[in-house]
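Visitor: Next come a sequence and a model predicted from it.
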Amino acid sequence: MADTKMDQKVEDKLGRMSQDRKEDILANFDHFKQYLGKKVSLAEKLGLDEEQQAKAAQKVGDYLAAHEEPKNREEKLLYELWKAGDEQEQHMLSHMLVKLVHQEG
């Protein structure tokens, strides 16, 4: 039940974001990492553990793969890896993205 609620929150937040804001975040991979880093930091403050953070990152990945075109080479690579992977591999990639922003934060 908690996962469903989190899934809906992620979907709602991304769906309400203006196209201009999405373009700004996705225009450059560093902006995307900064955005994801801020969301991971917020998740930590809310008490979400790494597994929950990865699940939220996976929802973001699902949303982006379904609704947004990659804007640069790095996003294109992530998109191709996402599409090639099954759900378990996508989840592991989500863990890796969370780990990446932790290391850079």
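Guide: Cool, got the structure. Residues are numbered from 1 along each chain as shown.
Visitor: number of nearby residues for His21?
Guide: For residue 21 the amino acid is Arg, not His. By other Cβ atoms under 10 Å, 11 other residues sit near Arg21. Placement of C-beta: from N, CA and C, glycine included.
Visitor: How about Gln58?
Guide: Counted with other Cβ under 10 Å, residues neighbouring Gln58 total 22.
Visitor: Let me see the contact set for it.
Guide: Contact analysis of Gln58 by Cβ atoms under 8 Å, 6 or more residues apart in numbering lists Gln90, His91, Ser94.
Visitor: which of those tops the neighbour count?
Guide: Of the contacts of Gln58, with other Cβ under 10 Å as the count, Ser94 tops at 22 neighbours.
Visitor: For that residue, which residues are in contact?
Guide: Going by Cβ under 8 Å, 6+ apart, Ser94 touches Ala54, Lys55, Ala57, Gln58, Gly61.
Visitor: any idea how far the third one is from Gln90?
Guide: Spelled out, it's Ala57. 10 Å (Cβ to Cβ, to the nearest Å).
Visitor: what does the last one give?
Guide: Using Cβ to Cβ, one gets 6 Å for the distance from Gly61 to Gln90.
Visitor: repeat for the fourth one
Guide: Applying Cβ to Cβ, the value for Gln58 to Gln90 is 6 Å.
Visitor: Kindly report the same for Tyr35.
Guide: Separation of Tyr35 from Gln90 (Cβ to Cβ): 19 Å.
Visitor: now this structure, which segments are flagged as low pLDDT?
Guide: Applying pLDDT under 70 to the chain flags the ranges 1-3, 6-7.
Visitor: quick one: the helices in it?
Guide: Along the chain, the stretches classed as helices by DSSP state H are 2-16, 19-26, 29-45, 50-67, 73-84, 87-104.
Visitor: just those: most buried one?
Guide: Highest mean neighbour count of the helices of the chain: helix 50-67, a mean of 18 (counted as mean count of other Cβ atoms under 10 Å).
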